[in-house]
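> Quick one: sequence plus predicted model below, questions after.
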Amino acid sequence: MFAELSITSNFSFLTGASHPEEYMDRAALIGLSAIAIADENSVAGIVRAHTRAREIGRLVRERQAFDAEHGLIGPPKPAHVPEPPRAPVGNVPRLIPAARLTFEDGPEMTVLPVDRQGWAHLCRLLSRGRLRAEKGSCHLRLTDLMEFAGGLHLVLHPPPEAGPGRKAWAGQAERVVRACAGNVHLMLAPVYDGQDVARFDRLAALAERMGVPTLASARPLMHHGRRRRMADVLTAIRTGTRVDDLGAAALANAEQRLRSEAELRRMLGPHAGAVDRAGELAARLDFSLDSLRYEYPSEVSEGETPEARLRRLAHKGLDWRYPGGAPEKVKKLLEHELTLIAKLKYEPYFLTVRDVVHFARSRNILCQGRGSAANSVVCYCLGVTSVSPEIGTMVFERFVSEARDEPPDIDVDFEHERREEVIQHIYQRYGRERAGLCATVIHYRGKRAIREVGAAMGLTQDTISALSSQLWGFFSTNGLEDARMREIGLDPADRRLRQTLELVFEINGFPRHLSQHVGGFIMTEGRLDELVPIENATMEDRTVICWDKDDIDSLGILKVDVLALGMLTCIRKAFDLLQMHHQKDWTLATLPPEDPVVYDMMCKADTIGVFQIESRAQMNFLPRMKPRNFYDLVIEVAIIRPGPIQGDMVHPYIRRRNGEEEVSFPSDALGQVLGKTLGVPLFQEQAMQIAIVGAGFTPEQADRLRRALATFKKHGHVGEFRTLFMRGMKKNGYDEDFAARCFGQIEGFGSYGFPESHAASFALLVYASAWIKCHHPGIFACALLNSQPMGFYAPAQIVRDAREHGVEVRPISINDSYWDNVMEPDGRGGLALRLGFRQIKGLKEEDIAWITAARGNGYLEVEDVWRRAGVGPAVLTRLAEADVFADIGLNRREALWAAKALMSDAPLPLFSGDLGGEMIHEPAALLPEMTLGEQVVEDFVAMRMTLRAHPMALLRHIVTPGASRVEESLTSL
């Protein structure tokens, strides 16, 4: 049977016009035995096709089982009885991994790994080319191919039709044939220009002279001819032109698509033997992605086995966490978890996470683990998380389970200012060839699709902007596009506009390019670059692989998420300030728990700057929720999310919590699942449990549901499980309305559902940040300002909130401030917040370091700063505009005048004493005093904040009857 061995998918970005999954579906439909996704210098899309092939196989097996169960296997039905559509039984196409390589000094070719060694060589070959080029490029040479040719079969693409390139191709091709004798074919591929018959004759003669067999390929750019328009649009986007101006770069027809065996035989005529040779070669290629055996780093240390090392470190951590002796319940949980981890051989994974966290703690980098497996006794004892296992009721088997055979999931958040130290440590420890970050596939979504397709189709920028303004209307209201376009003044009957909108919908979800994952690290025992190609990231000193998190999940590859969190930076800086000024050595695990005063503050929605509960939605919800314990915070974190909100879970939960609605459960089984959330599903884990307990889902089906619920899922929808869910709930005796309501709530998680384990870890940071704000508002504000940019609120709002809490905030001073905001004695036994130079726009930390280092006993005038610190007049101007010289008697205008004088014709310091024996004295300028309004405006221009007056105070005499003067308005504040 014919196998198509040179397919270009849309992972040849802006070239291929079909998804890898679409090729696999089409191959199954037209009866191909195998296909090879061969993207340009890349294997980024093959896991998608591999996953789809497994899915087709599963559907075929399910259909066969259904037919056997219902007696449908037997004599064929009469011709007049329609057969329901089904996957082709017994013809699941096999995926052959491949890549189409382009060389700087050689012919283009499709490279097919014969075995596991061939795959390793292909990955190293691609890594070689990509690591010597910038992101998105690959520079390969024939010498690279010769080094890694073992285990690879090469299919040479046809030479140019004419010109000097054809002669160069001949010499390069002969070199390849000599080096790889017996493992080379020449491709016969139609061009569909009416000259294919003669072309096939010439290519066959060329192959005979070279001593290599021919091999047939349609060399498809799309799975179906209807994608021709999309292929032209992608070409226009790639080349930066309009579709109307593509000329010869546009496809002449829709023929370059996936072909059946019969079609290729008809086109090749007397050369149809090349079709057979394609099938024969595919049969000899034994390698499959299923044969990849990912080996996690063994983490053996000084001869100690991973199991022994994990057990030793866990028990050592138990003594550290419970110096007075651990409760018996915790000891039993620890032993239970260690036994299960050993059974599944996950010890190296937990040790890797522990070692990364240990490095961070040794550098005083605050970190906090979260994720499914993070909230466990083992991780608590290893120091990965500070969430006590006695909090909540989560069960370890939900996350590390024999039944599901899923890898554990632990994300570790680090201070956002210092995460790079951790990343570089991982690279140094494992080596660039053994560690790399996952990719993130950037897909066409919304505005980008409208902008780029609109430009390719020749729409004006005004029209593109108008279409973008109705983005959510177009993508959320099926069939109402005409009405939306009329609303914005566009003609829905316009042919070009209609085509554009159709193409926008079609390109939605297409991959645009690869970016790096926010922190998902892959580490291997052997060479990572023999498992998957490694390439440079845009960021310096970062290397990434070409597969994203969905791909590595599909292949069972473990990753460790090394993430950044601004609030951790803030909390660590607050802890440092508490140690400096109050001699209190707090950690996340040792903060006083369940402080009622802290919960009182949260109930009043006094949470500006507090992690996760600072948004307006959370501040509106807090007085209704009235959290009084840690688990209330877990729910608080999870409930104000798009998933629970869209699933209509918020109001029922509050009514039940406040006693306005009876808490009831349709069955005892579901009561056990939903008891702690009053019968309302709030967490992803509960959605899965409802499907298993209520609808009878198998663990495999529940896992597919979980993946569909994953945050920001790019492919697949939870709605495809509706029929199965409703049927299962009905079979188990649940009311149809209740089942529909349950599924509607679960479906809400398709937008954004929060796992309970993540919510518990975040809740700890909520409590920690709230505790600091409640008991030390000045230190909290200082740490928050020093951790910007982060959070919802600008520095002006943070400062105003601190002052409302009784904190004295002092202005930036040339003699008292540093780069960071600091706490200093207020003269009354307390602390005042002194603003730092970092609040001034346009300043560099390096310049401020010179100013503070040369300050000595203080500066007396602007020229002192210039002379002693050596900073330029432009820096002095910035300082003067921020009014930092006020404490040495210079107002803003006087300081600015002095700084500007230095920028013009000020004497050099060497001659500042006298010039020609005479002193030069310039009369002082008479500068008018600035009004309060002018001062406030200049403060915001220079620092985005002011300590003088709220801007609205200047308008109070206008909006408040009876007040005619600004001073009266300020007095009334």
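Okay, I see it. Numbers count the residues shown, from 1 in each chain.

> isn't Tyr274 right up against Ala216?
Slight slip there: residue 274 is Ala, not Tyr. Yes. Between Ala274 and Ala216 there is a contact under CB atoms under 8 Å: 3.8 Å. C-beta coordinates here come from the backbone N, C-alpha and C atoms, glycine included.

> shared neighbours of those two, anything?
Leu188, Leu268 (CB atoms under 8 Å, 6 or more residues apart in numbering).

> which SS state does Glu4 fall under?
Assigned state for Glu4: strand (three-state reduction, DSSP: H, G, I helix; E, B strand; the rest coil).

> Enumerate every residue touching it.
Listed by CB under 8 Å, 6+ apart, the contact partners of Glu4 are Ala27, Leu32, Ala34, Ile35, Ala36, Ser217, Ala218, Pro220, Leu258, Arg259, Ala278.

> do the same with Arg361
Cys367, Gly383.

> So it belongs to a helix, correct?
Yes. Using three-state DSSP, the assignment for Arg361 is a helix.

> ok, it to Gln368 distance?
With distances taken as CB to CB, to the nearest Å, Arg361 is found 11 Å from Gln368.

> Pro97 now?
Distance, Pro97 to Gln368, using CB to CB: 39 Å.

> The helix or strand hosting Leu674 packs against which elements?
Taking DSSP states H and E as the definition, Leu674 sits inside helix 668-674. Applying 3 or more CB pairs under 8 Å, 6 or more residues apart in numbering; DSSP states H and E, one finds that helix 668-674 contacts helix 684-693.

> And the helices in the stretch 451-600 of the chain?
Under the criterion DSSP state H, counting those that start in this stretch, helices of the stretch 451-600 of the chain are mapped to 461-469, 471-476, 481-487, 495-507, 549-554, 566-582, 596-603.

> So which of those helices is nearest Arg878?
Comparing these against Arg878 with CB to CB, the closest turns out to be helix 566-582 (24.7 Å).

> on contacts alone, who are the packing partners of the closest one?
Looks like helix 566-582 contacts strand 411-415, helix 756-775, helix 777-786, strand 822-825 (3+ CB pairs under 8 Å, 6+ apart).

> Tabulate the ones you listed (TSV), appending mean pLDDT.
Listed next are the helices and strands packed on helix 566-582 as TSV, based on pLDDT from 0 to 100:
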stretch	mean pLDDT
strand 411-415	91
helix 756-775	91
helix 777-786	96
strand 822-825	95
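
> Switch those over to JSON lines; also include distance to Arg312.
Formatted as JSON lines, those follow (distance: least, CB to CB, whole Å):
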{"stretch": "strand 411-415", "distance to Arg312": "21"}
{"stretch": "helix 756-775", "distance to Arg312": "25"}
{"stretch": "helix 777-786", "distance to Arg312": "36"}
{"stretch": "strand 822-825", "distance to Arg312": "42"}
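
> Which of the ones you listed sits closest to Val353?
Among the helices and strands packed on helix 566-582, if distance is taken as CB to CB, the winner is strand 411-415, at 6.4 Å.

> what's the pLDDT at Leu459?
Looking at Leu459, its pLDDT reads 93.

> contacting residues for the closest residue to Gly151 other than its chain neighbours?
Spatial nearest neighbour of Gly151, excluding adjacent residues (CB to CB, 6 or more residues apart in numbering): Gly118 at 2.9 Å. For Gly118, the contacting residues are Leu112, Gly150, Gly151, Leu152, His153, Phe287, by CB under 8 Å, 6+ apart.

> May I see the buried residues of stretch 936-954?
By neighbour count on 16 or more other CB atoms under 10 Å, the buried set for stretch 936-954 is Val936, Glu938, Asp939, Ala942, Met943, Met945, Thr946, Leu947, Arg948, Ala949, Ala953, Leu954.

> ugh, wrong one, stretch 673-685
Those would be Val673, Leu674, Lys676, Thr677, Leu678, Gly679, Val680, Pro681, Leu682, Phe683, Gln684, Glu685, for stretch 673-685 by 16+ other CB under 10 Å.

> Just give me how far that stretch sits from the chain centre.
Offset of stretch 673-685 from its chain centre (CA atoms, centre = their mean, to the nearest Å): 28 Å.

> Keeping just the C-alphas, turn that stretch into CSV.
Output of stretch 673-685 as CSV, limited to C-alpha atoms (Å, rounded to 0.1, in the frame of the first residue of the first chain):
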residue,chain,number,x,y,z
VAL,A,673,-17.1,14.4,46.4
LEU,A,674,-18.9,17.7,46.9
GLY,A,675,-19.3,17.8,50.7
LYS,A,676,-16.6,20.3,51.6
THR,A,677,-17.8,22.7,48.9
LEU,A,678,-21.4,22.5,50.0
GLY,A,679,-22.5,20.6,46.9
VAL,A,680,-21.0,23.0,44.4
PRO,A,681,-18.1,21.8,42.2
LEU,A,682,-15.3,24.4,42.5
PHE,A,683,-12.2,22.4,41.6
GLN,A,684,-11.0,20.5,38.6
GLU,A,685,-10.5,17.4,40.7
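
> Show me what the helix ranked longest in the chain is packed against.
With secondary structure taken from DSSP state H, the chain has its longest helix at helix 46-69. Applying 3+ CB pairs under 8 Å, 6+ apart, one finds that helix 46-69 contacts helix 20-30, strand 34-37, strand 94-97, helix 549-554.

> So which residues of the stretch 801-950 of the chain form helices?
Using DSSP H, counting those that start in this stretch, helices in the stretch 801-950 of the chain cover 845-853, 862-869, 873-881, 892-904, 932-943.

> Can you tell me which of these has the worst average pLDDT?
Note on these: lowest mean pLDDT is at helix 892-904, with a mean of 82.

> Show me what counts as buried in it.
Arg892, Arg893, Glu894, Ala895, Leu896, Trp897, Ala898, Ala899, Leu902.

> number of nearby residues for the residue nearest to the third one when sequence neighbours are not counted?
The shortest distance from Glu894 to any residue that is not its chain neighbour, by CB to CB, 6+ apart, is 6.2 Å, and that residue is Leu927. Other residues lying near Leu927 total 12 when counted by other CB atoms under 10 Å.
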